[in-house]
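Visitor: Predicted model, plus sequence, below.
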Amino acid sequence: MLFLSPAILASTDESIAEAARIIRNEGIVAFPTETVYGLGARFDSEKAIEKIFVAKGRPNDNPLIVHIAHPDELFVIATEVSTIAERLILSFWPGPLTIVLPKTPVVPKMATGGLETVGVRMPAHAMALALISAVGVPIVAPSANLSGRPSPTSALHVREDLAGRIDAILDGGDTEVGLESTVVSVAGKIITILRPGAVTRDMLEEIGQVQVVSPFFDPKDTPTAPGMKYIHYAPRAEVSVFVGQAIKNLPDLAHGLQQQGAAVAVVAFEDTLTEINNVTVKMTLGGRGRVDIAAKRLYAYLREADQLSVDHILVEGIKPEGLGEALMNRLTKAATHVIGG
Ligand code: AMP
Ligand code: MG
């Protein structure tokens, strides 16, 4: 595998050009965006798209997101862009917002998990935009992790999961947001949040009326966002998320479990961590009130805790407001138990 180091990227555009060459020739390359690392293929090659599903072990009905370098490219991908969708684009692109639109015939159904709609986004990341421009056509990309693992927020995470399975990794350092993009669909004046992210409910309410789809999928239903029915993260450890008043019980519970001989990792805000000693590992989400920092660190911690083979991961939750809504959505999906909810 070709691993392109950050040093090469910092000084030259050659690695981006090389990555673009690989993608143009129907290879697959992991690249940084502001949310998480993506695994990219040219949007119009079924052969390359197939490689993405195989490399990730991704179920083939879970659609990929089309990444574009300029809003004009949208017209290659989507048949119709409503007034509200246009306003969303003007307000939030480039940025962590994926908009689901009716697809054109040039978008293979293999990319959309068989759907007639396609999720599109213009990432706010110089390297991602340079790569897409250099390829010359949009790039389809899901997150660059093995299916069922936390999304990668560094090139190292990509390497852990996909070394030997993909053609190259472009290293752009740690990602800025650390959680996957907000996914919305638009019908008339109503914006439906299919997956919360860094473009929050409040921000979307500036544009139209907002409704939110429950993160929990009832197997009897057809999922609105197909990814919903798949667990995002299947840790070896038991993950308990503490919310509200239950947070004050977290230190005692951690000590109790550790005394019983279990290996315990605690992922919590600084204040809570100072009350905890004698656990296998403590990981700080930073100061309470800086949800952006917590979001940025979460996936790396979940990976680390798993690598340390702990039995229990105890996580301090937060209010599901603003970016906290996205953070709690990912946490409750990863959780075995939500305590206090
Ligand atoms: P990932 O890039 O791995 O986070 O996966 C992309 C996710 O975007 C999918 O799992 C879906 O939840 C969502 N998505 C992509 N395209 C569509 C679509 N056409 N309709 C609804 N949701 C979509
Ligand atoms: Mg994913």
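Guide: In hand now; what should we look at? Ligands and ions are numbered 1, 2, ... in the order given.

Visitor: What residues are bridge-paired with the residue of the stretch 1-150 of the chain at minimum distance from ligand 1?
Guide: Closest residue of the stretch 1-150 of the chain to ligand 1, C-beta to the nearest ligand atom: residue 119 (3.0 Å). No exception for glycine: its C-beta is placed from N, CA and C like everyone else's. Using DSSP bridges, the bridge partners assigned to residue 119 are residue 65, residue 100.

Visitor: So for stretch 197-213, what gets flagged as buried?
Guide: Judged by neighbour count (16 or more other C-beta atoms under 10 Å), stretch 197-213 contains these buried residues: 197, 198, 199, 200, 201, 203, 204, 207, 208, 210, 212, 213.

Visitor: can you tell me which of those are in strands?
Guide: 210, 212 (DSSP state E).

Visitor: among the buried residues of stretch 197-213, which two are most distant?
Guide: By the measure C-beta to C-beta, 198 and 208 form the most distant pair in the buried residues of stretch 197-213, at 18.4 Å.

Visitor: Touching, residue 145 and residue 55? I think so.
Guide: No - Residue 145 lies out of contact with residue 55 (C-beta atoms under 8 Å); the separation is 10.3 Å.

Visitor: Residue 177 - that's part of a strand, no?
Guide: No - secondary structure of residue 177 (DSSP: H, G, I helix; E, B strand; the rest coil): coil, not part of a strand.

Visitor: What count of nearby residues applies to it?
Guide: The number of residues packed near residue 177 is 23, by other C-beta atoms under 10 Å.

Visitor: Quick check: the gap between it and ligand 1.
Guide: 12 Å (C-beta to the nearest ligand atom, to the nearest Å).

Visitor: Do a quick rundown of the helices in the stretch 1-150 of the chain.
Guide: 6-11, 14-24, 46-56, 74-77, 83-92, 126-135 (DSSP state H, counting those that start in this stretch).

Visitor: Now the closest residue to residue 102 other than its chain neighbours. Its backbone dihedrals?
Guide: Using C-beta to C-beta, 6 or more residues apart in numbering and skipping the chain neighbours, the partner closest in space to residue 102 is residue 79 (4.8 Å). Torsion angles at residue 79 (phi, psi; degrees, to the nearest 10) stand at phi -80, psi -20.

Visitor: and the buried residues of stretch 197-213 as JSON lines, adding distance to residue 273 and pLDDT?
Guide: Output for the buried residues of stretch 197-213, formatted as JSON lines (distance: C-beta to C-beta, whole Å; pLDDT from 0 to 100):
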{"residue": "197", "distance to residue 273": "27", "pLDDT": "98"}
{"residue": "198", "distance to residue 273": "25", "pLDDT": "98"}
{"residue": "199", "distance to residue 273": "30", "pLDDT": "98"}
{"residue": "200", "distance to residue 273": "26", "pLDDT": "98"}
{"residue": "201", "distance to residue 273": "29", "pLDDT": "98"}
{"residue": "203", "distance to residue 273": "31", "pLDDT": "98"}
{"residue": "204", "distance to residue 273": "33", "pLDDT": "98"}
{"residue": "207", "distance to residue 273": "38", "pLDDT": "97"}
{"residue": "208", "distance to residue 273": "40", "pLDDT": "96"}
{"residue": "210", "distance to residue 273": "35", "pLDDT": "98"}
{"residue": "212", "distance to residue 273": "31", "pLDDT": "94"}
{"residue": "213", "distance to residue 273": "34", "pLDDT": "88"}
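
Visitor: quick one on the thing from earlier: quick one: which of residue 145 and residue 55 has more around it?
Guide: residue 145 (27 against 21).

Visitor: how about that one, what does it touch?
Guide: 36, 37, 56, 151, 152, 157, 158, 161, 162 (C-beta atoms under 8 Å, 6 or more residues apart in numbering).

Visitor: I'd like to know which of those residues is nearest to residue 27.
Guide: residue 162 (12.9 Å).

Visitor: For ligand 1, see how far away that closest one is.
Guide: Computed as C-beta to the nearest ligand atom, the residue 162 to ligand 1 distance reads 13 Å.
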